[in-house]
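J.: sequence plus predicted model, see below.
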Amino acid sequence: MRSVLAVLFAGLVLASLVSCAQSQREQGGGAQDTLVFGVAGAPKNFDPIFNDDGESFRPQRQMLETLIAYKPGTAELEPGLATSWTPSDAGKTWTFALRQGVKFHDGTPFDAAAVCANFDRWFNIQGAAAQSQMIYYGDIFEGFAHNDSDTQGQPLYKDCQASDPNTAVLHLNRFKGAFPGAFGLTSFSISSPTALKQYNADQVTQSGDSFSYSAYANEHPTGTGAYKFGGFDRANNTITLLRNDDYWGDKAKLAKLIFKIMPDENARKQELRAGTIDGYDYPSPADLTSLRNDGFQVLARKPFNILYLGINQKNPALRDLRVRQALAYGINRDALVRNKMPEGAVVPANVMPEAVAGYAPDAQAYPYDPAKAKALLAEAGATNLTLNFYYPTEVTRPYMPNPTDIFSVIAEDLRQIGVTVNPVPEPWNGGYKDDVQKAGKQDLHLLGWTGDYNDAGNFVGTFFGRAKPEFGFDTPALFDELSAADATVDPAAHAAAYQQVNRDIMGKFLPAVPLSSSPAFIAVNKDVQGLIPSPLTNEEFAPVSKSAAS
């Protein structure tokens, strides 16, 4: 009897183990089926049109897709939800041949009507609160059907027509040099029209400096991507994505992808060493060698970003070009890059990286010269200058590995030329970006940009193409010059026009001081395979897997 019971018991245990293993595979609970990746900040929400930062885009890119994609590891274009795109009428009409057999996560068919519903949605969104949060749309498409904010201009978008279920035709009011590259922007990802309507996606409200978003943006992002939304556990700071087994392309190799939000870089490093995460973004430049020596993979992105010191001309003292030039001469940018930025970082000549067409290496330079800085301040009558210097905390950005350290170096340089600096640290997702970019409370601030596509307009056009609270100046001469460069169709003339824009920005306007252009790094365990670093920070996790040995 005992032997019979033992056999029965063993069978039950084996069945239980098999059932448990099967359940883990189905739910992505196995260690090899799940990847936990440490990220530097929380997303603002999950509706791409209302976002403009990398930490929001990272999970969105896994769930939602764009008409045009970027080839992994490059800024080159490749088919996305559209298999081809054809311009006509001098670039004012774009015809997209759409991928067939694709469905959104909720089962809604992806077709030309869905594409046009998205473009029409963005164009027709109403309310100053919603429009103010559509940063990319405002910069690229320039205006809405009805502008509820005086910062918007004449709309670029005209209409979208579904000539047949598999063909969407987009009409613009004028040529724009941003296209076709800008069609790959994560902000312009295509969402399920059914889900947008069901979860009131256009609902955005503002209370003071705070914004609230819809159920769609917070809980129900619905795209066509290789992963679908599994939830945002705000108590534990984890975002869970689950494999979309109905994906139209190659299925994700991992059943579950978890982004763990850890603003502190040292905490991310410690968790990687402890084995509680499989990788993390933006390791400190000082840790790269030790991470490599300890057997971790350190993956480098090619430099495609810019860090700048923004100068807000709302302050009357900063409207004097001599004062802005004094700040530029007073910062030892070479020492900053050498001591605080990642290996491979450089001091750029323009407010954009050298790799972008339109870069002007012969623009006016500002070598470190504290004596000249003091002389310019004296000449401008600004020897007792006091400035509120805003910088972000609780974040690491590709262009800004340690904001506090960078601030400290620059603040000390400015003190050495007689400028009194009032430090104003603010959490990145706790008001910093809104105070700087929406309210313009600062005199000086640190901010930057990782390029989205290879066009100068994505940098200097985005920064300085229209009046913004961030810089506090209204200079039609610069706006018109940028607009003319953007509208130049011939590629060589397009690049030449932007070169002159960059010369004028550095010599005549100087709304910001370029500080650094640098590579950004990713650290992952040795068992992580298939992660391709992107200069656009546009990493795709669907091809990523974990080997059996850890």
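T.: Okay, I see it. Bear in mind the structure is a predicted one, so any value in this text is a computation, not a measurement. Numbers count the residues shown, from 1 in each chain.
J.: tell me the average confidence for stretch 382-397?
T.: If you average the pLDDT over stretch 382-397, you get 94.
J.: only alpha carbons, please: show it as PDB.
T.: Listed next in PDB are the C-alpha coordinates belonging to stretch 382-397 (Å, rounded to 0.1, in the frame of the first residue of the first chain):
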ATOM      1  CA  ALA A 382      25.500  93.400 -15.600                       C
ATOM      2  CA  THR A 383      28.300  93.000 -13.100                       C
ATOM      3  CA  ASN A 384      25.800  92.200 -10.200                       C
ATOM      4  CA  LEU A 385      23.900  89.600 -12.100                       C
ATOM      5  CA  THR A 386      21.800  87.100 -10.000                       C
ATOM      6  CA  LEU A 387      20.200  84.200 -11.900                       C
ATOM      7  CA  ASN A 388      17.800  81.400 -10.900                       C
ATOM      8  CA  PHE A 389      19.400  78.200 -12.300                       C
ATOM      9  CA  TYR A 390      16.900  75.300 -12.600                       C
ATOM     10  CA  TYR A 391      18.200  71.800 -13.000                       C
ATOM     11  CA  PRO A 392      16.400  68.400 -12.800                       C
ATOM     12  CA  THR A 393      16.700  65.700 -10.100                       C
ATOM     13  CA  GLU A 394      15.500  62.100 -10.000                       C
ATOM     14  CA  VAL A 395      16.500  61.500 -13.600                       C
ATOM     15  CA  THR A 396      19.200  60.400 -15.900                       C
ATOM     16  CA  ARG A 397      19.000  61.400 -19.500                       C
END
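J.: buried ones in it, by neighbour count?
T.: Buried residues in stretch 382-397, counted by 16 or more other Cβ atoms under 10 Å: 382, 385, 387, 389-392, 394-397. C-beta: built from backbone N, CA, C; applies to glycine.
J.: cool, and stretch 136-153?
T.: Residues of stretch 136-153 classed as buried under the neighbour-count rule (16+ other Cβ under 10 Å) are 136-144, 147, 152-153.
J.: which of these sits closest to Phe119?
T.: For those, the residue nearest Phe119 by Cβ to Cβ is Phe141; the value is 9.1 Å.
J.: contact partners for that closest one?
T.: When the contact criterion is Cβ atoms under 8 Å, 6 or more residues apart in numbering, the partners of Phe141 are 122-123, 155-157.
J.: got a markdown table for these, with pLDDT, distance to Ala411 and secondary structure too?
T.: A markdown table is the format used below for these (pLDDT from 0 to 100; distance: Cβ to Cβ, whole Å; DSSP: H, G, I helix; E, B strand; the rest coil):
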| residue | pLDDT | distance to Ala411 | secondary structure |
| --- | --- | --- | --- |
| Trp122 | 98 | 40 | helix |
| Phe123 | 98 | 43 | helix |
| Pro155 | 96 | 42 | coil |
| Leu156 | 95 | 40 | coil |
| Tyr157 | 98 | 43 | strand |
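J.: okay if I get those as a markdown table plus neighbour count?
T.: Rendered in a markdown table, the data for those read as follows (neighbours: other Cβ atoms under 10 Å):
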| residue | neighbour count |
| --- | --- |
| Trp122 | 20 |
| Phe123 | 19 |
| Pro155 | 16 |
| Leu156 | 19 |
| Tyr157 | 21 |
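J.: could you dump those residues to CSV with distance to Gly208?
T.: CSV is the format used below for these (distance: Cβ to Cβ, whole Å):
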residue, distance to Gly208
Trp122, 26
Phe123, 28
Pro155, 29
Leu156, 31
Tyr157, 31
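J.: what is the nearest of those to Lys260?
T.: Of all the contacts of Phe141, Lys260 sits closest to Trp122, with 31.4 Å by Cβ to Cβ.
J.: going by secondary structure, the residue lying closest to the closest one once chain neighbours are set aside is in what exactly?
T.: Computed as Cβ to Cβ, 6 or more residues apart in numbering, the closest residue to Trp122 that is not its neighbour in sequence is Tyr137, at 5.4 Å. Under the assignment given by DSSP states H and E, the secondary-structure element containing Tyr137 is helix 135-141.
J.: so after that helix, what's the next helix or strand?
T.: In the C-terminal direction from helix 135-141 (assignment by DSSP H and E), the next one is strand 157-164.
J.: buried residues of the helix or strand just after that next one, list them for me.
T.: Where DSSP H and E defines the elements, the next helix or strand beyond strand 157-164 is strand 167-172. Neighbour counts over strand 167-172 (16+ other Cβ under 10 Å) mark 167-170, 172 as buried.
J.: next, the distance between the ends of stretch 128-145.
T.: Between the opening and closing residues of stretch 128-145 lies a distance of 13 Å (Cα to Cα, to the nearest Å).
J.: before we move on, back to that, ok, the buried residues of stretch 136-153 vs Ala523, which is closest?
T.: For the buried residues of stretch 136-153, the residue nearest Ala523 by Cβ to Cβ is Tyr136; the value is 29.1 Å.
J.: my guess is the residue nearest to Trp122 contacts Ile49. True?
T.: Yes - contact between Tyr137 and Ile49 holds when scored by Cβ atoms under 8 Å: they sit 6.3 Å apart.
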